[in-house]
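A.B. asks: Requesting a structural model of the entry that follows:
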Amino acid sequence: MKIKIMSVALGLACLLNAEDAQDYTLQKVEASANKMDNQAESWRSEEIQNYQGSRTVISNKQLKETANQTIDEALQNITGVQVRDYSGTGILPKISFRGFGGAGNGHSNTGMILVDGIPVYGGPYSNLELAIFPVTFQAVDRIDVIKGGASVQYGPNTFGGVINIVTKEIPTQWENQVAERVTIWGKDTGSPFRKNGEPVANNMLFDTYLKTGGMVNEHFGVQAQANYVGGQSFRENSDTSVQNYMLDAIYKINASNNVKMYYQYYTYRAKDPGSLSTADYLKDRFQNKRPNNQDDGVAKRFGVVYNNYFGDTDKVGGHFSFTYFTHDMTRNFTIDNNYNKTNYTTAATDVTDNVRRFVVNGVEPKLNLAFGTQSVRQTLTLGGRFLTEDIYFHGYKDTLATHAIADKPQVYHNNYIALYISDELSFLDGALTVTPGIRNETLNYTYHTTMPKTVTNHRIDNQFNPALNIGYKPIKDLLLYANYNRSFIPPQVGDINGTSTNYVTGFQTTEAGLRYFFNEKFSVNANYFAIFADNYRIGKFATDPVSAISQGLELEAYYSPIEALTLHAAYTFTDARVSNHKYHSGTNGGTVDVYGKEIPYVSPHQFVFDALYTLGQTTMGISSYYYSPAYSDILNTVSENSTETAGKLPWYWVWNAQVSRTLWKSGRQSISGSLAMNNIFNMKYYFRGIGTSPAGRQPAPGRSVTAYVSYNF
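C.D. replies: The predicted model follows:
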């Protein structure tokens, strides 16, 4: 049956081969492609200037020289993106977009996350959480973030935005790199030294990176990367081990045709100290009182992309691509039965391994065709996707007294067919661009379990996602834009809020703004956004889905008064609230209407600032981010309650600084190094209810120092 469906999908896709309501590429490019995103000032590129929506590219220089320890840390500098970093290692990022996704288990389920243009969710449709995140910081080249107007090309879960993490490209000449990063974490609750006369102690995390590769000849190139992260994070007993192996290759058949390939093997294991009671947090916020809990996982990813460039895009021409990708990911969260408590004086009686395996196969053909007259130019984008998910759930419960093992198996066999089309119409010599588009998704679910009895359920659903982008340039350097798109979150097998009903969450997203670029020195982007949600589930904070609206303002500016100095500042205001009358249990019994209540884990005010200054061979960088207080429950409880499951989260403002320098250079050989300090002022703040810690305070990283050295040859 799957073969027949696949044949139909591919046949239709050849006729209806589509892209987004606005065509842009979020894939890793080959060695000869335009490298604008590698430049320090990617905000100056025409691609960013002409993008009809909110978009930010974190360039390689910004990524590596403004004291970013992890991808989490770098994403803190994006308007509308909020990150709750509780690990300090980047292995399980908790990312939310524009007011959605911070509640519940917080596993980054409100934005499409890509690596080199390929989805990395375990189940790209039915398990939208980054329970395994197969990326390491040193393998990343840049990060491209768009918000709004992306639902036609990328399908579900794009109402907030798309993050594309681009790994290092195959260089034109053969290159080798050996690099080491060492992070030393400070300890105790408020000072660099332990209290009560205890000796000074620090945790250390090591990050070793190896790379070799380049073009062997004019037709063939290959690159291998290996990244090892091991040691301790900032918590006591926070052993962490990550291995990431990547192989990339390109075969340039001729000037018009090429084939790209990647293979990745990623594995990790890390202790999960989780939350602390308030008393324990105040005593030593970095201690670990949950020794049984840990996370681990394995990801095997493979993909092939064929590209064909044809014709003359000034007359009739374009680009056809065909992508096949697959991954086999397994993750396991090991937790004991004390996970939802803050009093750990009672020994655990059982430990459960929550094992999930995801096997995904997908094909995506896509055609961009440019044509038209002098008065009207068109870029027609046609595309399709056929994707299968085979998902295996197991919950192995080990009763510690008898070591009796109980299993709760579940199996899902899902497949999805998408067809999409958009047409970019350009008038007035490119001054006015109108891009309508539409995408259709067919969702086919099969669920099977044998415990406590054999049950098999089927479900089929269809979703239509229209989109419209408009861009107008009254003058050369000023772009006015507006966009609308519909997106959705499909039924999730994880079913975060514990109900047995699978809801489709629908989103209507609107955005309007302007981007002004002046004289290579100054660029500003300002936009208003509004997202309307139906059947939105906010995790354990609400027993039933709600309607919600999130609206706000994003301001972002780059200023380069002199060539050696670049300043970047941004501010986001987000007002995310329940927009219908729903009643939920109150803290003192009875029910409370939550209409107008703020959505948990949304900081209404967010401010970021970073700067880069280069003097000779030395670059000095700083970065900072401010989050205003946020609620941690749907009732908007201000004071921490007796069970420590609710209470307002504190504001925090974190500052980081780094000095980088080329230490030695001779021909193609060089040695570079850097020294960074993160959370310079040792800001104390915490989260609540993230991951496997529904109660108590989950501490954020304190002060740390990172030394880095790299030998390139």
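A.B. asks: Might you list the low-confidence residue ranges for the stretch 51-200 of the chain?
C.D. replies: The model of the stretch 51-200 of the chain has pLDDT under 70 over residues 103-108, 149, 188-200.
A.B. asks: Which parts of it are helices?
C.D. replies: 60-65, 71-75, 151-154 (DSSP state H, counting those that start in this stretch).
A.B. asks: and those helices, which is most packed in?
C.D. replies: Greatest average neighbour count among the helices of the stretch 51-200 of the chain goes to helix 151-154 (a mean of 30), per mean count of other Cβ atoms under 10 Å. Bear in mind the C-beta positions are built from the backbone N, C-alpha and C, glycine included.
A.B. asks: quick one: the strands in the stretch 601-713 of the chain?
C.D. replies: 605-615, 618-627, 652-666, 669-678, 686-687, 698-699, 704-712 (DSSP state E, counting those that start in this stretch).
A.B. asks: Select, out of those, the one closest to residue 409.
C.D. replies: Among these, the nearest to residue 409 by Cβ to Cβ is strand 698-699 (30.7 Å).
A.B. asks: Can you list the strands that that closest one pairs with?
C.D. replies: strand 686-687 (antiparallel) (DSSP bridges).
A.B. asks: gap between residue 686 and residue 702?
C.D. replies: Separation of residue 686 from residue 702 (Cβ to Cβ, to the nearest Å): 11 Å.
A.B. asks: what about these two, which has more around it?
C.D. replies: residue 702 (23 against 20; other Cβ atoms under 10 Å).
A.B. asks: Relative to residue 439, how far out is the one residue sitting closest to the centre of the chain?
C.D. replies: Geometric centre of the chain, nearest residue: residue 113, 4.5 Å, by Cα atoms, centre = their mean. Counting by Cβ to Cβ, the separation of residue 113 from residue 439 is 19 Å.
A.B. asks: re the thing from before, overlap of the contact sets of residue 686 and residue 702?
C.D. replies: Common neighbours of residue 686 and residue 702 (criterion: Cβ atoms under 8 Å, 6 or more residues apart in numbering): residue 285.
A.B. asks: list the buried ones in the helix or strand hosting residue 566?
C.D. replies: In this assignment (DSSP states H and E), residue 566 forms part of strand 565-578. For strand 565-578, a neighbour-count test (16 or more other Cβ atoms under 10 Å) marks 566-574, 576-578 as buried.
A.B. asks: Dump these into CSV; add distance to residue 235 and pLDDT as well.
C.D. replies: Output for the buried residues of strand 565-578, formatted as CSV (distance: Cβ to Cβ, whole Å; pLDDT from 0 to 100):
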residue, distance to residue 235, pLDDT
566, 35, 94
567, 34, 95
568, 31, 95
569, 32, 96
570, 30, 96
571, 32, 97
572, 29, 97
573, 33, 98
574, 29, 97
576, 30, 95
577, 34, 95
578, 34, 94
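A.B. asks: for the residues you listed, which one is nearest residue 601?
C.D. replies: residue 576 (9.5 Å).
A.B. asks: which ones are touching that closest one?
C.D. replies: By Cβ under 8 Å, 6+ apart, the neighbours of residue 576 are 98-100, 548-552, 598-599, 602.
A.B. asks: List buried residues within these.
C.D. replies: Buried by 16+ other Cβ under 10 Å: 98-100, 548-552, 598-599, 602, out of those.
A.B. asks: Mind picking the two most distant members of those?
C.D. replies: The most widely separated members of these are 98 and 598, with 13.9 Å between them, by Cβ to Cβ.
A.B. asks: could I get the helices of the stretch 51-200 of the chain as a markdown table with distance to residue 378?
C.D. replies: Shown next, in a markdown table, are the helices of the stretch 51-200 of the chain (distance: least, Cβ to Cβ, whole Å):
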| stretch | distance to residue 378 |
| --- | --- |
| helix 60-65 | 34 |
| helix 71-75 | 35 |
| helix 151-154 | 16 |
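A.B. asks: can you tell which of those is closest to residue 139?
C.D. replies: When the helices of the stretch 51-200 of the chain are compared by Cβ to Cβ, helix 71-75 sits nearest residue 139, at 10.2 Å.
A.B. asks: What helices and strands are in contact with the closest one?
C.D. replies: Judged by 3 or more Cβ pairs under 8 Å, 6 or more residues apart in numbering; DSSP states H and E, helix 71-75 is in contact with strand 81-83, strand 140-147.
A.B. asks: Out of those strands, which gets nearest to residue 356?
C.D. replies: strand 81-83 (23.4 Å).
A.B. asks: worst-scoring helix or strand of the protein, pLDDT-wise?
C.D. replies: The helix or strand of the chain with the poorest confidence is helix 2-15; it has a mean of 36 (mean pLDDT, DSSP states H and E).
A.B. asks: any idea of the mean pLDDT for the helix or strand just after it?
C.D. replies: Next in sequence after helix 2-15, counting helices and strands by DSSP H and E, comes helix 46-49. Average pLDDT, helix 46-49: 84.
A.B. asks: Show me what helix 46-49 is packed up against.
C.D. replies: Applying 3+ Cβ pairs under 8 Å, 6+ apart, we find helix 46-49 packed against no helix or strand.
A.B. asks: what's the neighbour count on the residue nearest to residue 167 when sequence neighbours are not counted?
C.D. replies: Nearest residue to residue 167 in three dimensions, chain neighbours excluded: residue 139, at 5.1 Å (Cβ to Cβ, 6 or more residues apart in numbering). When neighbours are defined as other Cβ under 10 Å, residue 139 has 20 of them.
A.B. asks: isn't residue 139 right up against residue 209?
C.D. replies: Yes. Residue 139 is in contact with residue 209 according to Cβ atoms under 8 Å; the separation is 7.3 Å.
A.B. asks: what do those two both touch?
C.D. replies: Counting by Cβ under 8 Å, 6+ apart, the common neighbours of residue 139 and residue 209 are 225, 227.
A.B. asks: Low-confidence stretches in the chain?
C.D. replies: Within the chain, the ranges that satisfy pLDDT under 70 run 1-41, 103-108, 149, 188-202, 450-453, 494-502, 538-543, 587-589.
A.B. asks: can you list contacts of stretch 636-649?
C.D. replies: With Cβ under 8 Å, 6+ apart, stretch 636-649 has contacts from 277-278, 342, 587, 597-598, 601, 629-633, 635, 685-689, 694-697.
A.B. asks: what about it, distance to the chain center?
C.D. replies: What separates the centre of stretch 636-649 from the centre of its chain is 28 Å, taken as Cα atoms, centre = their mean, to the nearest Å.
A.B. asks: now the helices and strands packed on helix 71-75 in JSON lines, with distance to residue 50 and mean neighbour count?
C.D. replies: JSON lines is the format used below for the helices and strands packed on helix 71-75 (distance: least, Cβ to Cβ, whole Å; neighbours: other Cβ atoms under 10 Å):
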{"stretch": "strand 81-83", "distance to residue 50": "22", "mean neighbour count": "23"}
{"stretch": "strand 140-147", "distance to residue 50": "13", "mean neighbour count": "24"}
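A.B. asks: For the closest residue to residue 182 other than its chain neighbours, grab the count of nearby residues.
C.D. replies: The shortest distance from residue 182 to any residue other than its chain neighbours is 5.2 Å, reached at residue 707 (Cβ to Cβ, 6+ apart). For residue 707, the count of nearby residues is 13 (other Cβ under 10 Å).
A.B. asks: Just tell me which of the strands of the stretch 601-713 of the chain ends up closest to residue 214.
C.D. replies: Residue 214 sits nearest to strand 704-712 of all the strands of the stretch 601-713 of the chain, at 12.1 Å, using Cβ to Cβ.
A.B. asks: which stretches of the stretch 301-450 of the chain form strands?
C.D. replies: With strands called from DSSP E, counting those that start in this stretch, the stretch 301-450 of the chain shows them at 317-336, 350-372, 377-399, 404-406, 410-427, 432-449.
A.B. asks: need these in CSV with distance to residue 148 and mean neighbour count, can you?
C.D. replies: Below are these laid out as CSV (distance: least, Cβ to Cβ, whole Å; neighbours: other Cβ under 10 Å):
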stretch, distance to residue 148, mean neighbour count
strand 317-336, 24, 19
strand 350-372, 21, 20
strand 377-399, 17, 19
strand 404-406, 46, 11
strand 410-427, 15, 21
strand 432-449, 13, 19
